[in-house]
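Participant: the sequence and its predicted three-dimensional model are supplied below.
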Amino acid sequence: MMFRRKKQPKTTGTGIGLPGGSEHYRAYVGPPHYYDLMAAMAFNLITTCGLREHHRVLDIGCGSLRMGRLLMPYLLKGNYTGVEPNEWLVTDGLLNELGNDILAIKSPRFIYDTRIETHEDVGPIDYAMAQSIFTHCAPDQIIDWLEQIRQVLSPQGVLLATYFKGDEDYQGSGWIYPDCAFYRPETMKQLAESAGLRWQELDWRHPRKQQWVAIYKEGFEASNLENGLSWNNYVDRLPPG
């Protein structure tokens, strides 16, 4: 699963100029000059796929709240859960991006672990997000995550995730961050279906050349993903009024 670092220094500033994986709350989760762009990309995707404020969201590998800093203010109180083994990242994200008042206002939940199955009352989750998690996972880890996520997804739930496409499947083991794993699309689809979930690749460009996919329960409204994933198409499908 995700790797846990035991000690990290308090860090401030944007970290621009540092390489991804550096000992800085923004840089550790990826290139700092993309910190804002990655958040915008993911937030636009999840809302275009149907997220509303009353939905419950699971942010897997929430890190320094790159995505969480947009999700928490948007969602109703108690509807955000972040999973992150490196507690220092969440602490620095709150300190530098949101402020601790968000804890009282929105009551987010944080799970400082590499697993969710041992924690009570995680589900039902309507939308799960795993941006650049499977890109660092071995096959057995992907299978394990899909099984765990399936257990907490609501009958209408969906996981939005990324992976790196390749001509061959990664054969290693363990969490390999900051290195990356590549997989054939047919392999990833098979892994999702073996976990009892449906699979659809998404036409949603990623600055780091990762492939977005929707992995979902049968009850998810997948028509939002069809005929070009766009805000206009989503709004056209909304009920009148």
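Facilitator: Done, it's in.
Participant: hey, where'd the helices end up in the protein?
Facilitator: Taking DSSP state H as the criterion, the chain carries its helices at 35-48, 68-74, 87-93, 101-106, 139-152, 185-194, 231-236.
Participant: closest one to Thr114 among the ones you listed?
Facilitator: The closest of the helices of the chain to Thr114 is helix 139-152. By Cβ to Cβ, the value is 9.4 Å. C-beta: built from backbone N, CA, C; applies to glycine.
Participant: which of the helices of the chain sits closest to Thr118?
Facilitator: helix 139-152 (9.7 Å).
Participant: ok, back up a step: let's have the helices of the chain in JSON lines, adding distance to Tyr112 and mean pLDDT.
Facilitator: Shown next, in JSON lines, are the helices of the chain (distance: least, Cβ to Cβ, whole Å; pLDDT from 0 to 100):
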{"stretch": "helix 35-48", "distance to Tyr112": "21", "mean pLDDT": "96"}
{"stretch": "helix 68-74", "distance to Tyr112": "14", "mean pLDDT": "98"}
{"stretch": "helix 87-93", "distance to Tyr112": "5", "mean pLDDT": "95"}
{"stretch": "helix 101-106", "distance to Tyr112": "15", "mean pLDDT": "97"}
{"stretch": "helix 139-152", "distance to Tyr112": "16", "mean pLDDT": "95"}
{"stretch": "helix 185-194", "distance to Tyr112": "26", "mean pLDDT": "97"}
{"stretch": "helix 231-236", "distance to Tyr112": "34", "mean pLDDT": "88"}
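Participant: what residues does stretch 98-113 touch?
Facilitator: Residues outside stretch 98-113 that contact it (Cβ atoms under 8 Å, 6 or more residues apart in numbering): 62, 65, 68-69, 72-73, 75, 77-78, 80-87, 90, 94, 119, 122.
Participant: end-to-end on it?
Facilitator: Stretch 98-113 has an end-to-end distance of 22 Å (Cα to Cα, to the nearest Å).
Participant: show me what the worst-scoring helix or strand of the chain on mean pLDDT is packed against.
Facilitator: Within the chain, no helix or strand scores below helix 231-236, which has a mean of 88 by mean pLDDT, DSSP states H and E. Under the contact criterion of 3 or more Cβ pairs under 8 Å, 6 or more residues apart in numbering; DSSP states H and E, helix 231-236 touches helix 35-48.
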